[in-house]
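*Asks:* Sequence and predicted structure below; questions after.
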Amino acid sequence: MLLGLGLGPGDPELLTLRAVRLLAEADRVFVPGGIAHRLVQPYREAEVLEFPMSGGEARVRRCLEENADRIGHQALRGLTVFALLGDPCVYSTFSRLAQVVRERWPAVEIATVPGVSSLTAAASVAGVSLSGGFTVSDGPEPSDRILLKVRRPREAAAQLRNEGYRTFVLVERMYLDGMRVCRGDDLPEESDYFSILLARR
């Protein structure tokens, strides 16, 4: 199994209890750079892999394939952790890596464990509140939209369809009793206060 593990924004005290436990339990741990390596080091040894951000798409792809093969081979044999800064599902190296692992090692089960994201950490460091609506993007045209505290998800999805959104996932009572995930046409009429709707164009 391959697990993408979020290490948080760089403060060793912001690693989650689950991250610390999984680092100790893993058969192998890989990291994408020196900062992640320093965060992991108090808990176990990790292998640093190269993930170039420049040098042409061919070079980037070649490194992704080489790393996917190194990781995929291990992930078939036991719990393999790829630990990285921030959160593995938010603008992360893990997203691209996981895609290549799926292509080249389809038998490998892949999951993620969230970390404190740079978005919430930045708000804390800056001393600002994100209680109003906000947009996050690493490019000119955001393709995803996230709505918090969605009480009427089916109605919200209908409005978003008018804006070009086509794929919807509702996560209700995340990590709490009664948690459920609803997709597409299975969105309920009403949902709990602790609900998040993910919409994708």
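*Replies:* Done, it's in.
*Asks:* ok, now which ones touch the spatially most central residue of the chain?
*Replies:* Centrality entry for the chain: nearest residue to the mean C-alpha point is residue 89, 1.6 Å, by CA atoms, centre = their mean. By CB atoms under 8 Å, 6 or more residues apart in numbering, the residues touching residue 89 are 4, 95, 112, 114. Every C-beta, even on glycine, is put in place using the N, C-alpha and C of the backbone.
*Asks:* would it count as being in a helix?
*Replies:* No: if the criterion is DSSP: H, G, I helix; E, B strand; the rest coil, then residue 89 is coil and not within a helix.
*Asks:* all helices of this structure, in order?
*Replies:* 17-25, 34-40, 57-75, 93-104, 118-126, 153-161 (DSSP state H).
*Asks:* by contact count, what packs against the second one?
*Replies:* This points to helix 34-40. For helix 34-40, the contact count by 3 or more CB pairs under 8 Å, 6 or more residues apart in numbering; DSSP states H and E identifies strand 28-31, strand 80-84 as packing neighbours.
*Asks:* Now do stretch 115-132: everything it contacts.
*Replies:* Contacts of stretch 115-132 from elsewhere in the structure, counted by CB under 8 Å, 6+ apart, are 5-9, 11, 14-16, 19, 85-88, 90, 136.
*Asks:* let's see it at 6 Å
*Replies:* Stretch 115-132 is contacted from outside by 6, 7, 8, 9, 14, 86, 87, 90, using CB atoms under 6 Å, 6 or more residues apart in numbering.
*Asks:* Many thanks, I have nothing further to ask.
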